[in-house]
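Student: fold the following, please.
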Amino acid sequence: MGGSRATMVACGSDHTLLLTASGHMWGCGSNRYFQIGVQNRDDPPELLNKNIPDFTMMPSTRFDCGDGDTQIGLIAAGFDHSVAVGRTNGLMWTWGRGIGGKLGHGYGGSKYYALVPTALPQETFGEAVVSASASEDITMAVTGSGALWVCGYSLLGRLGLGEVQRCVTFQRVGTAADFGDGGVRSVTCSRMHSLVVSYDGSVRVCGRHDSCSLGRNTEYDNYMVPTLIEPTCFNDEAVVLGSAGGSRSVAVTASRRLYTWGAEAPKKFCGLAHTHEGGSGRGLMQWSPRQVLLTNIPSQRIDLFGL
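Tutor: From the prediction side, this is the model:
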């Protein structure tokens, strides 16, 4: 990797992105929708979406906005699109397949692609982006003041915008007061739901009701806006880290306790690391967050990556 250690990795459906300490971005895998972003605009058409079998560094000039700063500090990979955030300027770039408007550039047609990283205007958020996540049809960003922004398409409530199902430019979700003292700390989104962690340690979810990943004991209603998971589910302890998978969720508290909840396919016990409350023909269900016992973790230390 150019002699620089890896500091972050992000996996999409068929492509992988890697970030190094030097602020350079590398990619490999499927480039069918230009999600690797290493090609040039004037390349012959037959080369533009060729698969990239080995990690290839993206030219730093892709992220030159005229300020001389081309280092990347954060990456995210969606199903068939990619995201990068500048290390010091907090600017966001998106590229790949733009169906549904998930690139945030104002276009949402099935034939819209961004061949190379394309910067969002500075006025999009009005401040630096500090966290980002990408999924099948949506992209989410958190800015320095703790505001949550989303774009893309979802019938399931994953955008958190209520009845709004599609936005081709970034829209803010709620207000600062909707996410507690300090606003949003981080967000992760999956094909089923989105998980929001606030600076005050609270956790909110939105998305599909029957994925069992919403952390609330109900299977009847989609959560169309970020909805609080009761703090008692985490023993009234602040959550500092969270992640959303297809039908599962994970949270780590300030004292490094690990909680998981969601659904597992029948006869597959690989994602929740504990026994379950009940099951059905769809598999085993853990409706509410449940602490993973230390005896079930090979290493008892949960590394918070500096959080």
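Student: count of residues packed around residue 225?
Tutor: 15 (other C-beta atoms under 10 Å). Every residue, glycine included, has its C-beta placed from N, CA and C.
Student: may I see the buried residues of the helix or strand that it is a member of?
Tutor: Here residue 225 is covered by strand 223-228, with elements defined by DSSP states H and E. Buried positions in strand 223-228, judged by neighbour count with 16 or more other C-beta atoms under 10 Å: 223, 224, 226, 227, 228.
Student: pull stretch 114-133 out as PDB, backbone CA atoms only.
Tutor: Only the C-alpha atoms of stretch 114-133 are listed here, as PDB (Å, rounded to 0.1, in the frame of the first residue of the first chain):
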ATOM      1  CA  ALA A 114     -20.600   9.000 -11.400                       C
ATOM      2  CA  LEU A 115     -17.500   7.600 -13.100                       C
ATOM      3  CA  VAL A 116     -15.100   9.300 -10.700                       C
ATOM      4  CA  PRO A 117     -15.300  10.700  -7.200                       C
ATOM      5  CA  THR A 118     -17.600  13.800  -7.400                       C
ATOM      6  CA  ALA A 119     -17.500  16.400  -4.600                       C
ATOM      7  CA  LEU A 120     -20.700  17.700  -3.100                       C
ATOM      8  CA  PRO A 121     -20.800  21.500  -2.900                       C
ATOM      9  CA  GLN A 122     -19.500  23.000   0.400                       C
ATOM     10  CA  GLU A 123     -23.000  24.500   1.000                       C
ATOM     11  CA  THR A 124     -24.600  21.000   1.000                       C
ATOM     12  CA  PHE A 125     -24.100  20.600   4.700                       C
ATOM     13  CA  GLY A 126     -22.700  24.000   5.700                       C
ATOM     14  CA  GLU A 127     -20.000  22.400   7.900                       C
ATOM     15  CA  ALA A 128     -17.600  19.500   7.900                       C
ATOM     16  CA  VAL A 129     -18.700  15.900   7.600                       C
ATOM     17  CA  VAL A 130     -17.300  13.700  10.400                       C
ATOM     18  CA  SER A 131     -19.000  10.400   9.800                       C
ATOM     19  CA  ALA A 132     -20.600   8.600   6.900                       C
ATOM     20  CA  SER A 133     -22.300   5.300   6.000                       C
END
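Student: what residue ranges in this protein score low on pLDDT?
Tutor: Within the chain, the ranges that satisfy pLDDT under 70 run 45-48, 210-220, 264-271, 274-284, 294-307.
Student: wait, what's in contact with the residue most central in space within it?
Tutor: By C-alpha atoms, centre = their mean, the chain has its centre lying nearest to residue 133, at 2.4 Å. Contacts for residue 133 were tallied using C-beta atoms under 8 Å, 6 or more residues apart in numbering; they are 76, 139, 140, 187, 188, 189, 194.
Student: the longest strand that the chain contains - contacts with which helices or strands?
Tutor: Ranked by residue count and defined by DSSP state E, the top strand of the chain is strand 283-291. The elements that strand 283-291 packs onto, with contact taken as 3 or more C-beta pairs under 8 Å, 6 or more residues apart in numbering; DSSP states H and E, are strand 258-264, strand 278-280.
Student: picking up where we left off before, nearest to residue 17 among the buried residues of strand 223-228?
Tutor: The closest of the buried residues of strand 223-228 to residue 17 turns out to be residue 226 (C-beta to C-beta; 26.6 Å).
Student: is it true that that closest one touches residue 159?
Tutor: No. Counting by C-beta atoms under 8 Å, residue 159 is not a contact partner of residue 226; they are 10.1 Å apart.
Student: next, show the common contact partners of these two.
Tutor: 173, 194, 206.
Student: name the SS class of the last one, please.
Tutor: Classification of residue 206 by DSSP: H, G, I helix; E, B strand; the rest coil places it in strand.
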